[in-house]
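*Asks:* Quick one: sequence plus predicted model below, questions after.
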Amino acid sequence: YVGFGVSFRAISQCFYIFSCVRLAFTSVFEIGNAGTGGVISIISQSGNIDTDSNLDSFSFSFLRENNARAGGDIIISAPAGYIQGRNNRLLAFSAVQDRGESGEGGNVLLRAGNTLSGLEIVTLSSTDESGSVQIEGLDDLLIQDVRLTTTAQVEFLLGGQTIQLDTAGFGPSGNVFVTSAGNLTFNSVDIQANANGNTPAGDIDIDSPGQITFNNSRIDSNTNSTGTAGNISITTGTGITLHGNSGIFARTARDGQGGDIQINTPYLTFANGGEIAASTFGQGNGGSLTIQNNGSLLIQGDGRLTVEAQGVSSGRAGVLNVQASSLELNDCVELFASSESSQGGGDVEITIDNLFLMRDGSFINAESTNPNAGNGGNIFIAISDGFLIAIPGENSDIVANAVGGDGGRVEISALDIFGFTEQDRVATDVLR
């Protein structure tokens with residue numbers, strides 16, 4: 001059996017969807033075989049889409065035992081205007097509560113001309129892959145007050161009864177794609193892709209030819225089991241700015257491998273804090289963090305780029321890579337490879353064609369803080385045809401230390417080095 005679908009389309013006007021409405025197009029059985037969830041399609045070709053707080057959209061295939069087919073897709077499109085929710089939920093999933101096989105979770109496509117706001121988006125599948133979420137901006141796009149999760153705890157009403165799905169052991173989480181034709185701004189946005197059991201988390205890809213700005217927003221790819229965390233990729237033609245408590249994280253808390261983070265940008269600015277980190281808190285190794293640009297690269301502000309291992313028995317931290325034709329670190333920015341693990345610290349690897357300039361208290365640090373074991377990570381700086389320069393009196397440092405083991409190596413290959421004084425066995429807190 002297939003759930004019924006619905007399609008609303010307006011060619012030259014806006015949609016205003018009010019009153020107590022629930023768009024729920026499902027295929028549901030207690031025991032047996034459930035069909036595919038119905039498709040929900042809401043399109044305003046040249047206007048806006050606006051809802052009130054009572055509108056939720058569910059498209060799913062669900063039963064307690066035996067087999068469920070794919071969850072239905074949800075498509076909401078206002079290519080010339082905005083999509084405005086008010087804490088509305090969009091759920092697309094396929095699930096079996098007790099025993100049986102499910103199909104893929106439904107996909108979610110959101111297309112807006114300029115603004116997408118006020119939505120909670122969840123896709124999942126109990127045994128197959130969760131659906132993907134694709135967000136497209138046709139111009140400069142503002143995404144505001146949005147929570148997006150592929151494979152999350154789900155609670156919904158069925159026949160007057162509250163059903164709660166425990167996602168432990170669920171299938172692979174889906175991928176997330178966010179694109180914009182212009183600038184892309186995230187205000188109070190939370191995007192999560194989680195690995196469950198031995199299945200991997202989905203990847204998160206964000207792409208804009210313009211400026212990407214994060215205001216009090218987070219992107220997380222996590223694994224809490226043996227599954228691999230997904231990778232995060234962000235590409236911009238202009239630059240990236242993180243304001244306030246914004247952060248981008250790929251983490252493992254158990255045995256699974258941490259995900260990698262790759263950022264392609266000509267400049268990266270931290271304004272009032274912020275962090276980009278690939279971490280391990282469990283026995284799995286942490287992922288790598290790469291910042292790169294084909295031309296010059298500026299990294300600045302009071303934030304931190306980190307690869308880290310937290311906990312004595314945790315896996316090894318990943319590698320922090322920076323690649324560009326020229327590089328400037330400015331305004332107290334920190335590049336950290338930190339480890340409490342007995343396996344030692346991660347490495348920092350910087351590859352530059354010509355000039356590498358460190359200014360205004362910028363800091364590169366590879367350290368092991370384990371008091372009993374663990375060598376510090378290494379720092380490798382390769383400048384093929386240029387110089388490493390620190391402006392005198394501005395307190396920029398390069399440090400490789402260990403508390404309980406041996407400090408790591410600092411290897412620099414350049415035509416010449418200016419502005420640094422080599423020091424042996426000096427504690428980091430003394431230098432800083």
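*Replies:* Structure received. Here the structure is a predicted model, which is why all the values come from computation and not from measurement.
*Asks:* ok, now which ones touch Gln292?
*Replies:* Residues in contact with Gln292 (CB atoms under 8 Å, 6 or more residues apart in numbering) are 262-264, 321-324. From N, CA and C alone the C-beta is placed, and that goes for glycine too.
*Asks:* State the pLDDT value of it.
*Replies:* pLDDT recorded at Gln292 is 98.
*Asks:* Dihedrals phi and psi, it?
*Replies:* Here is the backbone geometry of Gln292 (degrees, to the nearest 10): phi -150, psi 160.
*Asks:* Please identify which of the contacts of Gln292 is nearest to Gly113.
*Replies:* Nearest to Gly113 out of the contacts of Gln292 is Asn264 (CB to CB; 25.7 Å).
*Asks:* Could you find the closest non-adjacent residue to the closest one?
*Replies:* Of all residues not flanking Asn264 in the chain, Thr235 sits nearest, at 4.4 Å (CB to CB, 6 or more residues apart in numbering).
*Asks:* That neighbour touches Ile204, doesn't it?
*Replies:* No - using CB atoms under 8 Å, Thr235 makes no contact with Ile204, being 12.0 Å away.
*Asks:* of the two, who's got more company?
*Replies:* Remark: of Thr235 and Ile204, Ile204 carries more neighbours, 27 against 16, as counted by other CB atoms under 10 Å.
*Asks:* quick revisit: who are the contact partners of the residue nearest to Asn264?
*Replies:* 206-208, 263-265.
*Asks:* Please convert those to CSV, extending it with pLDDT.
*Replies:* Converted to CSV, the contacts of Thr235 look like this (pLDDT from 0 to 100):
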residue, pLDDT
Ile206, 98
Asp207, 98
Ser208, 97
Ile263, 98
Asn264, 98
Thr265, 98
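*Asks:* Please list only the buried members of those.
*Replies:* By neighbour count, with 16 or more other CB atoms under 10 Å, those hold 206-208, 263-265 as buried.
*Asks:* Show me the contacts of Thr235 that map onto strands.
*Replies:* 206-208, 263-264 (DSSP state E).
*Asks:* Reformat the contacts of Gln292 as JSON lines; add distance to Val307.
*Replies:* Formatted as JSON lines, these follow (distance: CB to CB, whole Å):
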{"residue": "Gln262", "distance to Val307": "13"}
{"residue": "Ile263", "distance to Val307": "13"}
{"residue": "Asn264", "distance to Val307": "18"}
{"residue": "Asn321", "distance to Val307": "9"}
{"residue": "Val322", "distance to Val307": "12"}
{"residue": "Gln323", "distance to Val307": "15"}
{"residue": "Ala324", "distance to Val307": "18"}
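*Asks:* closest to Thr51 among those residues?
*Replies:* Once CB to CB is applied, the member of the contacts of Gln292 that ends up nearest Thr51 is Ile263, at 34.2 Å.
*Asks:* need the next SSE after the lowest-mean-pLDDT helix or strand in the chain, C-terminal direction.
*Replies:* The least trusted helix or strand in the chain, going by mean pLDDT, DSSP states H and E, turns out to be strand 27-34, with a mean of 36. Next along the chain after strand 27-34, taking DSSP states H and E as the criterion, comes strand 40-44.
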